[in-house]
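1. Here is my input; please provide its structure:
(chains A, B, C and D)
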2 protein chains.
Amino acid sequence: MTSPLTHPAVEELELAVVLHAFSDPIRLQIVRMLADEGPRTCGTFVVPVAKSTLSHHFRVLREAGVTLTEPEGTQRVVSLRRADLDARFPGLLDAVLAAAPAPA
Amino acid sequence: MTSPLTHPAVEELELAVVLHAFSDPIRLQIVRMLADEGPRTCGTFVVPVAKSTLSHHFRVLREAGVTLTEPEGTQRVVSLRRADLDARFPGLLDAVLAAAPAPA
DNA sequence: CAAGTTGTTCGACGGATCTCGTACAATGGT
DNA sequence: ACCATTGTACGAGATCCGTCGAACAACTTG
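-> Now for the predicted structure:
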């Protein structure tokens, strides 16, 4: 609601940063939900953390270039930057998703 | 030289832990060297950190299940657990290696 | 305009991480 | 035996990370 929502460009994505974004159970869960059910607003993610913590994770994912966050009224729609990730790190997202928990 | 060199079993490998092991530039560099030139002793890795720091990174990689460390006289031979990683997280190692720096 | 909804920001806390230098252990060679 | 080589273990320090609650900002709706 304040910041200009900065996202890194495709050529700016760094492998170590993206991997670090993936290396947290909560964020992994978020990525999995995004992959399974498409873009959603922040509030629809049911994870066992406080709202501010969830906001923190969205920032990490966004700044790493994993997700795209777009304002939409009072809410924010979060989506996976699948094409960008595939272009920069071919196969990485698929491999992570294939191995991510709760594949059911 | 002291510890019994514990390695996690294949079924014990955790995605978040492995990803975290990959999410450091130095360790990424180590993994790349291992993939490119096969098993090597600890001392043959030329990285810009102190010896004790390098030892720390080897421990992180080993405990995550990324590498196998075997005593060999005074030295220790480090190798990639490629088959185990592929079995547990298909495509992950390849994707990381394909995206890792210094692909030349 | 007032109130409610949605999500961020801030400060704080505990714990983990990366880094180093020094000291130590284990093996091999002289 | 003694020493050199190889790598680990042990603090220690600085930084970062994940977590929370409380306060704030932005937009929608009554």
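
2. Can you list the low-confidence ranges for chain A?
-> Chain A contains residues with pLDDT under 70 at A:1-3, A:102-104.

3. where does it come near DNA strand D, residue by residue?
-> Residues of chain A lying near DNA strand D by CB under 7 Å from any atom of the strand: A:1-2, A:20, A:23-24, A:26, A:48-53, A:56-57, A:60, A:71, A:73-74. No exception for glycine: its C-beta is placed from N, CA and C like everyone else's.

4. at 6 Å what do you get?
-> With CB under 6 Å from any atom of the strand as the criterion, chain A meets DNA strand D at residues A:Met1, A:Thr2, A:Asp24, A:Ile26, A:Val49, A:Ala50, A:Ser52, A:Thr53, A:His56, A:Val60, A:Gly73, A:Thr74.

5. what's the most distant pair in the residues you listed?
-> Maximum pairwise distance among the residues of chain A next to DNA strand D (CB to CB): 28.6 Å, between A:Asp24 and A:Gly73.

6. Now do the contacts for A:Val46.
-> Taking CB atoms under 8 Å, 6 or more residues apart in numbering or on different chains, we find A:Val46 in contact with no residue.

7. mind checking the SS state of A:Val77?
-> Per DSSP: H, G, I helix; E, B strand; the rest coil, the secondary structure class of A:Val77 is strand.

8. Confirm for me that A:Met33 is in contact with A:Cys42.
-> No: the criterion here is CB atoms under 8 Å, and A:Met33 misses it with A:Cys42 at 11.5 Å.

9. Secondary structure class of the residue lying closest to A:Arg81 once chain neighbours are set aside, three-state.
-> Once flanking residues are discounted, A:Arg81 sits nearest to A:Leu68: 5.3 Å by CB to CB, 6 or more residues apart in numbering or on different chains. Under the three-state scheme (three-state DSSP), A:Leu68 adopts strand.
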